[in-house]
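**Q** How does the following fold in three dimensions:
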Amino acid sequence: MADTTADRAPARRPGGRNARVRAQILAATAELVARDGVAGFRYEEVAESAGVHKTSVYRNWPDREDLVVEALLRYAEDLASVADTGDVHRDLADFLLALAGGLETPFGRTLEQAIQPARQNPAVRQALGRILDRRVAALQRRVDAAVERGELPPVDGSFLGEMLSGPVHLIVNRGTRPFTRADAERIVGVVLAGIRATAAQD
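**A** Got it, this is the predicted structure:
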């Protein structure tokens, strides 16, 4: 007898309920980390905030540190994104605005505060290192493209990233005013002018 659609078991949708549950748990973890710090939350609170049973948290992340690490990596993705519109000045200014926006969120502020204590925790320290590595790699790719097009002289993307992001962290951490596009434009303008002037002297 020929196989029919009715005879076959329905195909499982990609992701499905487990993917949704994992996303809810990671979002809840990020919120609790933002509120209580990396070391300040409990599995019971994660489950309650995510609207799932505690066993769902334990089953997906038996190790508490693994849960923290995945939440850090998932919710810091926007901090490691650099667009390529063909205008390096605009792209770097947009990058700084996105970075500031991420740092100004409760999760971003807690992430900043957690960096020093997290150095005592190898798993969390590794996650923070991976976030930084992603940001540096994304910026390096954008800078390399600008160098190939003649927009910039050869430059170390890691050094450029430090020069650009340092003032962002300073302004955001000071907390006396919001970081604006004018700030981003000014920082990018000064840093790129300095790089071009230095290259011209060599």
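**Q** Show me what the one helix or strand residue 129 maps to packs onto, helices and strands only.
**A** If you go by DSSP states H and E, residue 129 is part of helix 122-149. Helix 122-149 sits against helix 64-74, helix 88-103, helix 106-118, helix 157-174, with contacts defined as 3 or more C-beta pairs under 8 Å, 6 or more residues apart in numbering; DSSP states H and E. In short, each C-beta sits where N, CA and C put it, glycine included.
**Q** What residue spans form the domains of this structure?
**A** Taking automatic domain parsing as the criterion, the chain consists of the domains 17-62, 77-201.
**Q** Give the buried residues for the strand or helix carrying residue 17.
**A** Here residue 17 sits within helix 16-36, counting by DSSP H and E. Going by neighbour count (16 or more other C-beta atoms under 10 Å), the buried part of helix 16-36 is 21-22, 24-34.
**Q** tell me the contacts of residue 161?
**A** 135, 136, 139, 140 (C-beta atoms under 8 Å, 6 or more residues apart in numbering).
**Q** which of those residues tops the neighbour count?
**A** Greatest neighbour count in the contacts of residue 161, by other C-beta atoms under 10 Å, goes to residue 139: 23 neighbours.
**Q** how far away is that residue from residue 21?
**A** Distance of residue 139 to residue 21, given as C-beta to C-beta, to the nearest Å: 34 Å.
**Q** same check, this time on residue 192
**A** Counting by C-beta to C-beta - residue 192 and residue 21 are separated by 45 Å.
**Q** And for residue 164?
**A** For residue 164, the distance to residue 21 - C-beta to C-beta - is 38 Å.
**Q** likewise residue 186?
**A** The value you get for residue 186 to residue 21, if C-beta to C-beta is used, is 45 Å.
**Q** Any idea which helix or strand in the protein has the lowest mean pLDDT?
**A** helix 106-118 (a mean of 63; mean pLDDT, DSSP states H and E).
**Q** can you list the domains of the chain in TSV and add distance to residue 70?
**A** Putting the domains of the chain into TSV (distance: least, C-beta to C-beta, whole Å) gives the following:
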stretch	distance to residue 70
domain 17-62	6
domain 77-201	8
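**Q** closest to residue 71 out of the ones you listed?
**A** domain 17-62 (4.0 Å; C-beta to C-beta).
**Q** May I have the distance across the closest one, first residue to last?
**A** Domain 17-62 has an end-to-end distance of 19 Å (C-alpha to C-alpha, to the nearest Å).
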